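**Student:** Okay, here's the prediction I keep looking at, along with the sequence it came from:
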Amino acid sequence: MELERYNTEHSLPKIASWSAGVAFTFLIAFLGYLLALVPGFNHVGQLACAILIAVVYRQIFGYPETLKTGIAFSSKRLLRAAIILYGLKLNIAVVLQDGIWLLFRDAGVIIFAILTTIGLAKLFKADKKISLLLGVGTGVCGAAAIAAVAPIIKSKDEDTAISVGIIALMGTVFSIIYIILRPFLPLDALQYGVWSGTSLHEVAHVALATAPAGNDALAIGMLAKLGRVFLLIPLCFILIGIMKYKNREAAGSKIEFPWFLLGFILFSILGSYVFGHSIPVPEYVLDSLFALTTWLLTAAMVGLGLNVSLKELRTKALRPFAAMLVTSVALSIIVFFIV
């Protein structure tokens, strides 16, 4: 009661709370950017570093209630804006022209990752929603896929943040392992690129793992990865249908259509067929938009990370993490033998 009275008495005006809260998430995002410049952390990336700082802040100082309005705005509205802009990174034309043969393999990867993670989660008696998010992140495109799916399955903010943190960390670890193993593997540059792009978690992880193998490996790796990003669109619609079917008789369980997904599709079309084609767009403009996407996504994840309680993390995340780890190892081995 005393804490509630204190927060009420010292609460900021709504507009001040909103602006200060949004600024606070960007401040931690900036600290994550600086931490990612430190040797060792540079392989982890800005996103994971920012989430780590947000989680540590929550455990030491508690949740900043006076900034709640702005933090909630970042974790929800900015997150949707980031997903919409992320569509610019998906070149549909390239996927359909040069990577159609990879789409079938990518579809198999996504199905395997999700079903295996869910199956292991049942075996391990793990949290269902975190396990599903990790399965989607493993099969599709890491944090972006988790962020897109989370509102569809009505995931809690802390569960979403936990899942993103696990994906970012494990994807980085796997990328480094790939780099270490590459000289000893019987794969040429193209095969290594396909293996990396088909099995690693995020676009950044694929770039990290394939860059040392040369431009050919990087190009084919990114193409394979873009196919998985492309399949995020039908996956979301499938999950919407499943959630509506499961909740068809439950009172008050209407599934809100994720309208930001249409924005993602629109920006994918613009980036694939309009920008640089019928409408010339300077490269620096696109680079700026990509950078903005990263910052918006990072600020949004900070907002989610501030909701994470380590006490619940120990009880909720360990078993889903184990399911996701086994799935990721199995996926890497299977794809290695079929490339």
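**Tutor:** Perfect, I can see it now.
**Student:** in the chain, which spans are strands?
**Tutor:** Under the criterion DSSP state E, the chain contains no strands.
**Student:** spatially speaking, which residue is in the middle of it?
**Tutor:** Taking Cα atoms, centre = their mean, the centroid of the chain lies closest to A143, which sits 0.6 Å from it.
**Student:** Number of residues surrounding the closest residue to it other than its chain neighbours?
**Tutor:** What sits nearest to A143 in space, not counting adjacent residues and going by Cβ to Cβ, 6 or more residues apart in numbering, is V164, at 4.6 Å. Placement of C-beta: from N, CA and C, glycine included. Burial measure for V164: 28 neighbouring residues, criterion other Cβ atoms under 10 Å.
**Student:** do the one 5 residues further on as well
**Tutor:** L169 is flanked by 17 other residues according to other Cβ under 10 Å.
**Student:** which residues touch it?
**Tutor:** V44, A48 (Cβ atoms under 8 Å, 6 or more residues apart in numbering).
**Student:** Now do the contacts for the residue nearest to the centre of the chain.
**Tutor:** L47, G137, V164, I167, A168, E202, L297, M301.
**Student:** Also N42?
**Tutor:** N42 is in contact with A36, counting by Cβ under 8 Å, 6+ apart.
**Student:** C49 now?
**Tutor:** L31, G32, Y33, L35, A36, F41.
**Student:** Among the residues you listed, list the two that are farthest apart in space.
**Tutor:** The distance between the two most remote of these (Cβ to Cβ) is 11.4 Å, for L31 and F41.
**Student:** how close does T116 sit to A93?
**Tutor:** For T116, the distance to A93 equals 32 Å [Cβ to Cβ, to the nearest Å].
**Student:** Between these two, which is the more surrounded one?
**Tutor:** T116 (21 against 14).
**Student:** That one and A330 touch, don't they?
**Tutor:** Yes - using Cβ atoms under 8 Å, T116 is in contact with A330, at 6.6 Å.
**Student:** quick one: common contacting residues for the two?
**Tutor:** With Cβ under 8 Å, 6+ apart, T116 and A330 have no common neighbours.
**Student:** Show me what counts as buried in stretch 170-177.
**Tutor:** The neighbour-count check on stretch 170-177 (16 or more other Cβ atoms under 10 Å) flags M170, G171, T172, V173, F174, S175 as buried.
**Student:** Kindly report the same for stretch 287-299.
**Tutor:** L289, T293, T294, W295, L296, L297, T298, A299.
**Student:** could you dump those to TSV with distance to Q191 and pLDDT?
**Tutor:** Below are these laid out as TSV (distance: Cβ to Cβ, whole Å; pLDDT from 0 to 100):
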residue	distance to Q191	pLDDT
L289	33	89
T293	31	90
T294	30	88
W295	35	93
L296	36	92
L297	31	87
T298	33	89
A299	38	93
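**Student:** Pull out the buried residues from stretch 96-110.
**Tutor:** G99, L102, L103, R105, D106, A107, V109, I110.
**Student:** Out of the contacts of C49, which comes closest to F237?
**Tutor:** Checking the contacts of C49 one by one against F237 (Cβ to Cβ), the nearest turns out to be G32, at 32.4 Å.
**Student:** Quick one: residues contacting the closest one.
**Tutor:** With Cβ under 8 Å, 6+ apart, G32 has these contacts: Q46, L47, A48, C49, A50, I51, L52, I53, T298, V302.
**Student:** what about 10 Å?
**Tutor:** By Cβ atoms under 10 Å, 6 or more residues apart in numbering, G32 lies in contact with 41, 44-54, 298-299, 301-302, 305.
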